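Engineer: make a model of this:
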Amino acid sequence: MTVLEIPGVANIRDVGGMLAGSSRVRPGALLRSGQLAQLTPAGRSALRERVARVVDLRDDAEVDREPSALTDVPITRVPLFLGSVGSFFAQNMDLAAMYRHLVDESATRLVDAVRVIAAGQPTLVHCTVGKDRTGVTVALALSAVGADRDAVVADYALTASQLPTQRNIAVVQYLRAHMPDATNAIELATESPAHVMAGLLDDIDDRFGSAAAYLRASGLTSTELDALRAALLE
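Structural biologist: Now for the predicted structure:
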């Protein structure tokens, strides 16, 4: 994957270049990032040159609070969390449980997001910080076309190092002050351990056979899966 420098957006990269069997993921086909509310004019121009579609995985409250500044590229809204983001903190879920919940409860919405990628236009997938919802969606899409498992996990794990330092400091201070009993809160907000994504993908393999089979069971058609391969692979 290639970390990009786009003014006003954090944690943005192109996942192209990963091995996928005898092929590779096509550079420029799939980008991932955090929210786009702080894009500068230069950042907007740079993204317009790179992407033709955006998938925004945030809920209505998040979008209202931080609306996208990339207004002239088509945006498909696919809110993934059924309920508020804060509910995961209140329940003191860890990342593994949150991702399992996402895969089990938002399967059809994950398929909706993957369908946009399969349409074949250069696509940017994002949520608020580009870690959890984006991480799961991108990992599923890449795994479904046979991208190398270690590379998919490494892409997910890279996120923690890409989150803005001042943002993390502020989040940790808030959580310690307001949710002292939520022992998993800092992990939920700031971490992306490789073993969590590896465990999620292994669990999907155990229960469904593969990421592709999971997406098929959740509504993706064989034709759409073929289109996803054509969109993502060289």
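Engineer: look up phi and psi at the nearest residue to Ser143 once chain neighbours are set aside.
Structural biologist: The shortest distance from Ser143 to any non-neighbouring residue, by C-beta to C-beta, 6 or more residues apart in numbering, is to Ala211 (3.6 Å). C-beta: built from backbone N, CA, C; applies to glycine. Main-chain torsions, Ala211, degrees, to the nearest 10: phi -60, psi -40.
Engineer: now stretch 123-134, how far from the centre of its chain.
Structural biologist: 4 Å (C-alpha atoms, centre = their mean, to the nearest Å).
Engineer: endpoints of that stretch, how far apart?
Structural biologist: 12 Å (C-alpha to C-alpha, to the nearest Å).
Engineer: same question, stretch 126-141
Structural biologist: First-to-last residue span, stretch 126-141, C-alpha to C-alpha: 14 Å.
Engineer: for stretch 46-57, same thing?
Structural biologist: Start-to-end span of stretch 46-57 (C-alpha to C-alpha) is 21 Å.
Engineer: offset the numbering so it begins at 7, please.
Structural biologist: Got it, the first residue is 7 from now on, which makes the last one we talked about stretch 52-63.
Engineer: now do it: everything it contacts.
Structural biologist: 12-13, 15, 20, 34, 37, 42, 45, 69, 74, 76, 78-86, 119, 122-123, 125, 127-133, 139-140, 143 (C-beta atoms under 8 Å, 6 or more residues apart in numbering).
Engineer: can you select the buried ones from the residues you listed in ChimeraX?
Structural biologist: Those of these that count as buried under 16 or more other C-beta atoms under 10 Å are selected in ChimeraX with:
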select :12,15,20,37,42,45,69,74,76,79,81,82,84,85,86,119,122,123,128,129,130,131,132,133,139,140,143
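Engineer: restricted to strands, list the contacts of stretch 52-63.
Structural biologist: Under the assignment DSSP state E, the contacts of stretch 52-63 contribute 20, 37, 81-83, 129-132 to strands.
Engineer: just the strands from the chain, written as ranges.
Structural biologist: Counting by DSSP E, the strands of the chain are 8-9, 19-20, 25-26, 29-30, 36-39, 59-62, 81-83, 129-132.
Engineer: which residue ranges of this structure form helices?
Structural biologist: Ranges of helices in the chain, per DSSP state H, are 47-56, 66-71, 92-96, 101-111, 113-124, 139-150, 155-168, 171-184, 191-196, 200-214, 217-223, 228-238.
Engineer: got those as TSV, with distance to Ser29 columns?
Structural biologist: Output for these, formatted as TSV (distance: least, C-beta to C-beta, whole Å):
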stretch	distance to Ser29
helix 47-56	22
helix 66-71	35
helix 92-96	36
helix 101-111	26
helix 113-124	16
helix 139-150	12
helix 155-168	13
helix 171-184	36
helix 191-196	34
helix 200-214	19
helix 217-223	15
helix 228-238	9
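Engineer: need the least confident one among those helices, by mean pLDDT.
Structural biologist: Mean pLDDT per stretch puts helix 92-96 lowest among the helices of the chain, at a mean of 64.
Engineer: nearest the geometric middle of this protein, what residue?
Structural biologist: Among the residues of the chain, the one closest to the centroid is Thr140, at 1.1 Å (C-alpha atoms, centre = their mean).
Engineer: okay, now Arg106: neighbour count?
Structural biologist: 16 (other C-beta atoms under 10 Å).
Engineer: sorry, wrong one. I was asking about Gly23.
Structural biologist: Counted with other C-beta under 10 Å, Gly23 comes out at 13.
Engineer: what distance do you get for it to Asp161?
Structural biologist: 10 Å (C-beta to C-beta, to the nearest Å).
Engineer: since that was my last question, I'll sign off now.
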